[in-house]
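> quick one: sequence and predicted model below, then my questions.
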Amino acid sequence: MTATRFASQLNEQIGHELAAHNQYLACAVHYDALTMPRMAAFFYAQALEERDHAMMMVRFLIDTDAEVAIPALSAPQSTFADVVEPVALALDQERRVTAQINALVATAREELDFAAEQFMQWFVKEQVEEVATVSDLLAVVRRNADDVDDIEDWVAREAAGGGGEDPGAPPVAGA
């Protein structure tokens, strides 16, 4: 069984991941409405990834006989002033999630919950990738804010497809 304080904090993180899912979904819809299919696809994929992160955490809690408590969520921001704002919001969100993941690792370490600490290491690696990806995207969107075709071309060339499934990723509940 995982440590109580870690399990409580991980349940909170499930809510953060599901909120990130909803926020990325709202970003995708924004770009879809602007007829920016590459940006929309990027954010739809990010939304699904965040949902999977939440479900990985659910699976871990179930596998360690800890209670799972899915929290209520606030509505995401759904209107944006321009093409830059959703990406800037996404970068802020990824930086916030990085701090949350680091706090979870610290809690697992403090509680000597080695299974929990090992579980969280994949998320530490994932956050480095997420922050780097969104930082690059923000630089491109800011530079090309007046030329959405250049943004779309860059996303198609550089950000599309990802690396496929990570064989080291934790299992997803329900998958």
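Sure, I can see it.

> from now on I want contacts and neighbour counts done on CA atoms only, so please keep to that.
OK.

> where does the chain dip in pLDDT?
For the chain, applying pLDDT under 70 flags the ranges 160-164.

> those helices in it, which residues are they?
All helices of the chain, identified by DSSP state H, fall at 4-33, 37-63, 85-110, 114-143, 148-154.

> which helices and strands does the second one pack with?
Using 3 or more Cα pairs under 8 Å, 6 or more residues apart in numbering; DSSP states H and E, the elements in contact with helix 37-63 are helix 4-33, helix 148-154.

> pick the most deeply packed of those helices.
Neighbour counts (mean count of other Cα atoms under 10 Å) averaged over each of those peak at helix 4-33, with a mean of 21.

> for residue 71, give its distance to residue 16.
Distance, residue 71 to residue 16, by Cα to Cα, to the nearest Å: 9 Å.

> no no, residue 169
From residue 169 to residue 16 the distance is 19 Å (Cα to Cα).

> same thing with residue 137?
According to Cα to Cα, residue 137 stands 22 Å off from residue 16.

> residue 109 too?
Distance from residue 109 to residue 16, counting by Cα to Cα: 21 Å.

> do the same with residue 56
Remark: distance between residue 56 and residue 16 (Cα to Cα) = 13 Å.

> and the residue nearest the centre of this structure?
For the chain, residue 50 is the residue whose C-alpha lies nearest the centre (Cα atoms, centre = their mean; 4.1 Å).

> so it sits right up against residue 17, yeah?
Yes: if you go by Cα atoms under 8 Å, residue 50 and residue 17 touch, sitting 5.4 Å apart.

> near residue 63, how many other residues are there?
Burial measure for residue 63: 12 neighbouring residues, criterion other Cα atoms under 10 Å.
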